[in-house]
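**Q** structure here, sequence nowhere to be found:
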């Protein structure tokens, strides 16, 4: 299973859509790569749509 956790540097970020980074935790493999979220960091609308896989 994969879960996304929001991060701001070395701390968790409570704002999902505007978090600086998303850490994708894979509970099956134990991996947790970080993905930058710069495109959505200052976006006005549509952040969740842009983040969702299509």
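**A** Thanks, I have the structure now. In this text the structure is predicted, and so the values were computed from the model without any measurement.
**Q** how about the strands of the chain, start to end?
**A** 2-8, 11-12, 21-26, 34-36 (DSSP state E).
**Q** list the contacts of residue 24.
**A** By Cβ atoms under 8 Å, 6 or more residues apart in numbering, the contact list for residue 24 reads 2-5, 32-35. The C-beta positions use only the backbone N, C-alpha and C, and glycine is treated the same way.
**Q** apply 6 Å and report the result again.
**A** 2, 4, 33 (Cβ atoms under 6 Å, 6 or more residues apart in numbering).
**Q** which one among those residues gets closest to residue 27?
**A** residue 2 (7.5 Å; Cβ to Cβ).
**Q** still on that earlier bit, can you lay out the strands of the chain as a markdown table showing mean pLDDT?
**A** Converted to a markdown table, these look like this (pLDDT from 0 to 100):
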| stretch | mean pLDDT |
| --- | --- |
| strand 2-8 | 86 |
| strand 11-12 | 80 |
| strand 21-26 | 88 |
| strand 34-36 | 82 |
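**Q** ok, and the most crowded of the contacts of residue 24?
**A** residue 4 (13 neighbours; other Cβ atoms under 10 Å).
**Q** ok, that residue touching residue 22?
**A** Yes. At 5.1 Å, residue 4 and residue 22 qualify as touching, with contact defined as Cβ atoms under 6 Å.
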